[in-house]
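Enquirer: Predicted model and sequence below, questions to follow.
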Amino acid sequence: MGPLLFNMYIVIYSSDLNQLNSKLNSVVYCIFKWFQNNQLVLKTHIVKFVSCKVLTYPLHNACNIRAFTISENIIFLGMHLDCLLSWKSHIDNLVKKLSSICLMLRKLLPIVNVNILQMVYFVHFYSQINYGIIFWGSSSSMRIVFIIQKRAIRNMLRVGP
C-alpha cells in the first residue's frame, strides 16, 4: 500500500512584508513540528500572490525547512493558478483539452447523429468550459476559449465558418 496523500491549503495574508514573513514562519514551523511529532512526511508548495503593481518581495523561510518550496504556479481544485492570478496558464491548459475534444467531435461527425454529438459536446466540452468560469471568465486571454467553442459547435452542426 502506497503512502496516503492529503491536500491542505492555508491562506496567509498581510499588507506588511515583515508581518507576512513572521506569520508565514510561525505557521510553517507549527505545521512542520506537528508532522514531525506524528512521524509524517511533509512536502508542500508556497505560492505568493502579488498584484502586478506591487514589486516582488522575498519570502524568508526562517525555519530552513526543505519540504517547503516557493512556487509561482499551483494547481488548486483543477485550476492552474499563477502568482499574478492572470489565468493564462489555466486557459493555456484548457485550450489544449478543448482542442482535443474538438478533434474527437470531428472524428465522430460521420459516425453518429447530431443528438449524440450534442451529448458528447455537453459531457466533454461544455463541462470543461463551465468549470471555474466565474473565476477565469473575465480574463483577457479567454477569447481563444470561445473561438474554439464556436469551432466545436460549427463542427457539431455541420456548418461552415
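Expert: Received, thanks.
Enquirer: Could you chop this protein up by domain?
Expert: 17-71, 88-156 (automatic domain parsing).
Enquirer: ranking those by mean pLDDT, which is last?
Expert: Set side by side, the domains of the chain differ in mean pLDDT, and domain 17-71 is lowest with a mean of 70.
Enquirer: Any buried residues in stretch 122-140, and which?
Expert: Under the neighbour-count criterion of 16 or more other C-beta atoms under 10 Å, stretch 122-140 has H124, F125, Q128, I129, G132, W136, S139 buried. Bear in mind the C-beta positions are built from the backbone N, C-alpha and C, glycine included.
Enquirer: And what about the residue nearest the centre of the chain, helix, strand or coil?
Expert: Relative to the mean C-alpha position of the chain, the nearest C-alpha, by C-alpha atoms, centre = their mean, is the one of H80, at 1.7 Å. With DSSP: H, G, I helix; E, B strand; the rest coil as the basis, the three-state label of H80 is strand.
Enquirer: most neighbours per residue, which of the domains of the chain?
Expert: Most buried of these, by mean neighbour count (mean count of other C-beta atoms under 10 Å): domain 88-156, with a mean of 15.
Enquirer: That one spans what distance, first to last residue?
Expert: One end of domain 88-156 sits 27 Å from the other (C-alpha to C-alpha, to the nearest Å).
Enquirer: Off-centre distance for it?
Expert: 17 Å (C-alpha atoms, centre = their mean, to the nearest Å).
Enquirer: ditto for stretch 12-20
Expert: Using C-alpha atoms, centre = their mean, the offset of stretch 12-20 from its chain centre is 24 Å.
Enquirer: Endpoints of it, how far apart?
Expert: End residues of stretch 12-20 are separated by 7 Å (C-alpha to C-alpha).
Enquirer: the strands in this protein, which residues?
Expert: Along the chain, counting by DSSP state E, strands occupy 44-47, 68-71, 73-76, 79-82.
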